[in-house]
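Engineer: Here you go, sequence then predicted model.
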Amino acid sequence: MSKANAVASLAAAGFAVSWASILIIWSGLNPISVSFWRTTLAALALAPLTVRDLRRHGLNTPIKLITLGGLALAVHFMTWVTSLYYTTVAMSVTIVSTYVVFTIPITLALGRRVSGLTMTGAALALMGVAAMMYSSYGLSEGSLLGDALALIGSVSGAFYFTIGELARVKSPTLIYSTLVYASAALFTAPVALLMGVNLTIPNSRALIMVTLIVAGPMLMGHTLLNYSLKYLSATVVSTVTLIEPVGSTILAYLLLHQAVGLMEAAAMVVTLIGVYLSIRGGL
């Protein structure tokens, strides 16, 4: 039953994180400011329930894992959100969603098993994402800096998921999520200070967008991904995030009236089939 719940959570999380890039662009905020507020407000939102769980269960997660997870998440958000301002949304989201490329070798390096079906599904999903990227935008488009930042976001995201899988063996979802979000905010704050970033939220539109980012991609997205890491491997969870480029493309079509070509639609189907196979391999 727990694995079934985890799979359902992954589906909901995939939908939620698909909104992140659009909400970030609509906010108009500095990317470092977005990274700071989404982690800070998410930690504050979960804090009351976390205090309750800490009283019941105590802190079983090593501080070292929480710190490393927070650092990885901070780097992931700061680089990826910044990439959205230098390259296209679809290119950024596509590149950053390739976590599985890096979680598989990290997992194998830790001596943990990855099923053949999961690896096959991951490869198929990546082929679908690559086809989406090529068919829609061409491999030559997009800023090199933005693409590089998205790639750093992917690598740091892979470490974040792998660390989360290790931490979630003993740690309840709320405790781990709250502490890792708070840790990420603490790593982001000095970066904002050094870069001279104004962390104030200037207007009601930006405030609404940040609130939606926290409620959707963070609390419904990342927190459900953290929940799933207790029952499914980091490789499976990171593969499911490949739903995001598909979801973002669909949202762009509905909200921004961007056409979806036949090859792009076929690539989406291939990606989703790969995600399904990867999940089956991890059950």
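Structural biologist: Now that the structure is in, tell me what you want to look at. Everything numeric here is computed off the predicted structure, so don't read it as measured data.
Engineer: residues near residue 123, how many?
Structural biologist: 17 (other C-beta atoms under 10 Å). C-beta: built from backbone N, CA, C; applies to glycine.
Engineer: elements contacting the helix or strand hosting it?
Structural biologist: For residue 123, the host element (DSSP states H and E) is helix 116-137. Judged by 3 or more C-beta pairs under 8 Å, 6 or more residues apart in numbering; DSSP states H and E, helix 116-137 is in contact with helix 89-96, helix 99-109, helix 234-240, helix 243-256, helix 262-282.
Engineer: Now do the longest one: distance to the chain's middle.
Structural biologist: Using C-alpha atoms, centre = their mean, to the nearest Å, the distance from the centre of helix 262-282 to the centre of the chain it belongs to is 18 Å.
Engineer: count of neighbours near residue 273?
Structural biologist: Quick note: residue 273 (other C-beta under 10 Å) scores 14 neighbours.
Engineer: doesn't residue 123 make contact with it?
Structural biologist: No: using C-beta atoms under 8 Å, residue 273 is not in contact with residue 123; the gap is 11.5 Å.
Engineer: where does residue 55 sit relative to residue 269, distance-wise?
Structural biologist: For residue 55, the distance to residue 269 equals 48 Å [C-beta to C-beta, to the nearest Å].
Engineer: Who's the closest spatial neighbour of residue 81, skipping the chain neighbours?
Structural biologist: Nearest non-adjacent residue to residue 81, counting by C-beta to C-beta, 6 or more residues apart in numbering: residue 31, 4.0 Å away.
Engineer: should've said residue 266
Structural biologist: Per C-beta to C-beta, 6+ apart, closest to residue 266 is residue 131, 7.6 Å.
Engineer: one step back: if I average pLDDT within each of the helices and strands packed on helix 116-137, which one is lowest?
Structural biologist: Across the helices and strands packed on helix 116-137, helix 234-240 has the smallest mean pLDDT, namely a mean of 74.
Engineer: So which elements touch the longest helix along the chain?
Structural biologist: The longest helix of the chain (DSSP state H) is helix 31-57. Applying 3+ C-beta pairs under 8 Å, 6+ apart, one finds that helix 31-57 contacts helix 20-27, helix 63-83, helix 173-195, helix 204-213.
Engineer: The longest one to helix 31-57, inter-axis angle?
Structural biologist: Calculated by axes from the mean of the first three to the mean of the last three C-alpha atoms, to 10 degrees, helix 173-195 forms an angle of 150 degrees with helix 31-57.
Engineer: and helix 173-195 with helix 63-83, angle?
Structural biologist: 60 degrees.
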